[in-house]
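**Q** Fold the following.
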Amino acid sequence: MLLLLALTLRLLATQFARFTGDESDQWSKAVRIAQLEYFPALGQPITGSVAMTPGPAFQYIMAIPQILGGSVWLGTYFTVLLNVLAVWIFYLLARRFAGPKAGLVALALAACSPWAIVYSEKIWSANVLPLWGTLAFYAAVRSPESPRWQAVLILLAGALPQVHLSAPALWVGCIVWLVLTPGWRISPKWVLIGVGLTTLAYLPMLVYELTHGFSNLRAILEHSAGTESPAYARTLPLRVLGAAVGQGTSEIAYQLRRGYWEFGGGFDGYRMWTTRQGLTELWSLYGPLAAIGTLISILLAVLAWISSLRSILLGATRALRARRRDGLAEGERFTVSLLAALGTAIFLMAMSKKTFFPHYIAFLLPILLWPMVGPISRWLEFRRWGKLAIAALVLSCVSMVANAERYYRDVDSLDGLRNTLAILEDILSEKTPASIQFRHFNNLYSWERLAQYHFGKPLQLRDAGAVRYVVENREAHPGPTPTDATLYGGRLLVRRDARAATSDPAELVFRGALDWSRFQVSKIDAAGGVTPCAPLAGGLGCSYGPNSWERFGPEVLSFGGRAQSVLFLHPITGHTLRAELLLPSEARRGRLYVGLTDGAMASANRSLVHVRVKNGDRVLLETDVGSKPGLHAFPVVVTSTSPLSLELTTANDGARVLGFDLDLAR
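**A** Reported below is the predicted structural model:
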């Protein structure tokens, strides 16, 4: 039942979990791998660095569920299952160390811990760390008695840097366990198998580095350090150990205050817990009832950790006196291993001057709850204090779930996956492109990835679009829903008709960004030779030359600092590009939007692109673009039923990326 509770809570969390830049980038890459369109040799970007993690293991793992399709829910639920498996392995470890009752306590804490839930409910590299780390420690525990696990341990430990650079902390923790465990031998056979499998996991990265002068490795060594001061480094022990103890509590002010997402906005958990003003803010943040439940969970966690540390000290004293490595019980050795891993993490962050974020120790979840499990399971045996221990554990778990529910309701749901998909479905049903404005966190990048890969259609955007959407995602909407808005969970989406206030046609009959497949595109050389645009694989456009930029199709490009949904074209020196359209019979007038992208405007090439619009043989418009940034609008008046054509030429095609769209109306 407790394992089912763990699964249920995580599945509920997926509905409201934030889905923003990192998640959408990593998920969309997994989809492309599954569709055999992308074969990375390196991993995801390292925070605050130009370097990437040294290997693509995480991306290929996340591609496994996407083999079944492009739905974002496949990868999301796959991540949940991985973390529920981590909870089960933690149960097996706790049961081994301290018996069935300890296993149940471990299941209860791991199922309800808001930290264990947060790092399990979305597609993010940190969210595979709990299973990775838990399985690695389980392999270390099993290695002395079953040599096969030595291969598993070497593979998991060796490949972990491909997911996160916290790997050395895991290495030290596992080594300490093995050193403290007497009477076992290294199996050369299984060690070699483990080394061989690890080498295979690094082959893509090794080939890349050998062919690129070890550029990524040099970037890791030269640019991955942080900028924190020595004064900050001196606070790291309290920050890291406080976060470790906090994993077993309901205290999630860091999440409620958007700590990782708005770290530059002033949130500092260390200050909150070490100053009177911070504690006052903490009480106000939770409110009296929730604060009491949170304090109970904190007290339970602190007392349990103190009890575990006391047991270690007593056991170490016995071991030293007897001069025996087996003086510590298995559970005590495991706690020492966890402390060694935490100590290594503190040392690494101090040396690299990195800022500490709680997900840096996510590889120790949920096993970091073990120092609580042992003492609580013993307290349950006491006749006098057993009922009090049960009550405290139940209250703590209730407080955990309640605080987690508040977090997802009031914070994460504002950029949550379920609400985002519902909003996107409505926006994608628009018959005309729209402009989108976010009142708080700009989540456009994620929306574009979801539209392209989950819904299978591009998000049609234009700053001067007929419809303007305003996304109120700073906080949950408190009052009645305005007449021009829709409420998605707590997120308000305001829809306004922007075209009504312009001189644009009132009734469209054609929009290029939506009906782009009706254009016939060709490249014409100086001798009059015509190269037709050949369809691209996947159906989203066509190609009129051997280079990747010689293509036509819908794309989101940046003009004047704004993302716009347009049609991509790249003129070629010595050629005329022609996009021809058979006019709808009712078309009488319209508007052409055209311009060079911001990237093109920033290039050293200052050549203009000549634009000519013809209705049959009659020229309707002739102009040059490229002297000013932005997407420019030009009126077009149809004079006959002959095809309408757009022709582009340029003297120098270097970085001349052009975007255009065409509206036609009655």
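
**Q** Run through the stretch 451-600 of the chain and note the low-pLDDT ranges.
**A** For the stretch 451-600 of the chain, the stretches flagged by pLDDT under 70 are 463-466, 496-506, 537-539, 563.

**Q** All the helices of it, residue numbers only.
**A** 598-602 (DSSP state H, counting those that start in this stretch).

**Q** what do you get for the stretch 101-250 of the chain?
**A** 114-118, 129-142, 148-159, 167-180, 188-211, 215-223, 230-246.

**Q** Just tell me which of these ends up closest to Y488.
**A** Proximity to Y488 (CB to CB) singles out helix 114-118 among the helices of the stretch 101-250 of the chain, at 21.7 Å. To be clear about C-beta, it is placed using only N, CA and C from the backbone, and glycine gets the same treatment.

**Q** where does the closest one sit relative to the chain's centre, distance-wise?
**A** 16 Å (CA atoms, centre = their mean, to the nearest Å).

**Q** in it, what's buried?
**A** P114, W115, A116, I117, V118 (16 or more other CB atoms under 10 Å).

**Q** any chance of those in a markdown table, with pLDDT and distance to G213 too?
**A** Converted to a markdown table, the buried residues of helix 114-118 look like this (pLDDT from 0 to 100; distance: CB to CB, whole Å):
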| residue | pLDDT | distance to G213 |
| --- | --- | --- |
| P114 | 97 | 45 |
| W115 | 97 | 41 |
| A116 | 97 | 42 |
| I117 | 97 | 43 |
| V118 | 96 | 39 |
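
**Q** Nearest to L282 among these?
**A** Nearest member of these to L282, counting by CB to CB, is P114, at 15.5 Å.

**Q** correct me, but the closest one touches S250?
**A** Yes: the pair formed by P114 and S250 meets the contact definition of CB atoms under 8 Å, at 6.3 Å.

**Q** Mind listing the shared neighbours of these two?
**A** Residues touching both P114 and S250 (CB atoms under 8 Å, 6 or more residues apart in numbering): M400, N403, A404.

**Q** If you count neighbours, what's buried in the helix or strand hosting the last one?
**A** This means A404. If you go by DSSP states H and E, A404 is part of helix 386-410. Neighbour counts over helix 386-410 (16+ other CB under 10 Å) mark 389, 392-393, 395-397, 399-404, 406-408 as buried.

**Q** C-terminal to it, which secondary structure element comes first?
**A** Next element after helix 386-410 (DSSP H and E): helix 417-428.

**Q** burial of W171, as a residue count?
**A** W171 has 18 neighbours, counted by other CB atoms under 10 Å.

**Q** change the start of the numbering to 14 and stick with it
**A** Sure thing, new numbering starts at 14, so read that last one as W184.

**Q** For G186, see how far away the residue nearest to it when sequence neighbours are not counted is.
**A** With CB to CB, 6 or more residues apart in numbering as the criterion, W184 has its nearest non-adjacent residue at 5.5 Å, and that residue is A170. From A170 across to G186, the span is 10 Å (CB to CB, to the nearest Å).

**Q** These two: which has the busier surroundings?
**A** Neighbours per residue, other CB under 10 Å: of A170 and G186, the larger number sits with G186, 28 against 24.

**Q** need the contact list for that one.
**A** With CB under 8 Å, 6+ apart, G186 has these contacts: F150, A153, S350, L351, A353, A354, T357, L377.

**Q** for these, which one is nearest L213?
**A** A153 (21.5 Å).

**Q** so the closest one sits right up against V189, yeah?
**A** No: counting by CB under 8 Å, A153 sits too far from V189 to count as a contact (9.2 Å).

**Q** which residues do those two both contact?
**A** Common neighbours of A153 and V189 (CB under 8 Å, 6+ apart) are S350.
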